[in-house]
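Visitor: Predicted model and sequence follow; I will ask about them next.
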Amino acid sequence: MVMAPVVNTYPLSSYTFGTKEPKMEKDTSVADRLARMKTNYMKEGMRTSVEAILLGYHERDPVSEAHDFKLKWITLQWKETKIFNHGVQEHNHPHILLLQIGNTFCKLPGGRLKPGENEIEGLKRKLSSKLAANSPSLQPNWQVGECVATWWRPNFETIMYPYCPPHITKPKECKKLYLVYLSEREYFAVPKNLKLLAVPLFELYDNVQRYGPVISTIPQQLSRFQFNMINT
């Protein structure tokens, strides 16, 4: 019997969350983003982007558990900022950290690589830009693990596929999702114009309308892993 790879997952309460200066989006609309992608493609070729799957969980609290399950939105106050639980809180179940822009749009932390940039180092750079404090002493220990999914954008459109269609010889973007292991204690600094959501896997599963095809299929991509919930 083949053993499933184990992912150590720590409670979100063991992390410290602060804020930093706003990080504004380069585009104000999807049309603007696709237009910029087309311009960059003409200069640099296919866009390569990397995004991180960051995991945590909520510890079971027998005292407040009955109350928590009645809430649709639970807000936990830690230090200077807030991390939001999306939907009903589920204890001892893996949660994915997502960045929310505005009221509805969610994305994984990450972004576009520079031409010729190494994927691992580029992802660490993007994670630090999105979630690390400005102080060198508070930099998270980004441990980039397996690439769990690759998505392709055939044209300058919003549609992406988990394969490159055979008739497409010049795809416009290749997006890779990496599992990033977190240490027991970390400090995250969230831009003031963004929210950091902790979303349980069951909320993501098959929820294409809310999260899109890339994020909503993360539960399937992680199904081969065994989660070891470490109580700190």
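Guide: Here it is on my side, so go on.

Visitor: where along this protein do the strands fall?
Guide: Ranges of strands within the chain are 6-9, 16-20, 47-56, 73-78, 81-86, 95-101, 105-107, 110-112, 143-153, 173-181, 187-191, 194-200, 226-229, based on DSSP state E.

Visitor: Let me see the contact set for the residue nearest to residue 157 when sequence neighbours are not counted.
Guide: Among residues not flanking residue 157 along the chain, residue 34 sits closest, at 7.0 Å (CB to CB, 6 or more residues apart in numbering). Using the backbone N, CA and C atoms, a C-beta is placed for each residue, glycine as well. Neighbouring residues of residue 34 by CB atoms under 8 Å, 6 or more residues apart in numbering: 156, 157, 158.

Visitor: can you rerun that using 10 Å?
Guide: Residues counted as contacts of residue 34 (CB atoms under 10 Å, 6 or more residues apart in numbering) are 27, 153, 155, 156, 157, 158, 172.

Visitor: distance between the helix ranked longest in the chain and the chain's centre?
Guide: Secondary structure of the chain read by DSSP state H shows that its longest helix is helix 30-44. Between the centre of helix 30-44 and the centre of its chain there are 23 Å (CA atoms, centre = their mean, to the nearest Å).

Visitor: That one - what's its average pLDDT?
Guide: On average, the pLDDT along helix 30-44 is 94.

Visitor: swap in stretch 141-149?
Guide: pLDDT averaged over stretch 141-149 gives 96.

Visitor: in that stretch, what's buried?
Guide: 142, 144, 146, 148, 149 (16 or more other CB atoms under 10 Å).

Visitor: picking up where we left off before, in JSON lines: the strands of the chain, plus distance to residue 124.
Guide: As requested, these are exported to JSON lines (distance: least, CB to CB, whole Å):
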{"stretch": "strand 6-9", "distance to residue 124": "19"}
{"stretch": "strand 16-20", "distance to residue 124": "17"}
{"stretch": "strand 47-56", "distance to residue 124": "9"}
{"stretch": "strand 73-78", "distance to residue 124": "24"}
{"stretch": "strand 81-86", "distance to residue 124": "21"}
{"stretch": "strand 95-101", "distance to residue 124": "16"}
{"stretch": "strand 105-107", "distance to residue 124": "18"}
{"stretch": "strand 110-112", "distance to residue 124": "10"}
{"stretch": "strand 143-153", "distance to residue 124": "7"}
{"stretch": "strand 173-181", "distance to residue 124": "9"}
{"stretch": "strand 187-191", "distance to residue 124": "14"}
{"stretch": "strand 194-200", "distance to residue 124": "18"}
{"stretch": "strand 226-229", "distance to residue 124": "23"}
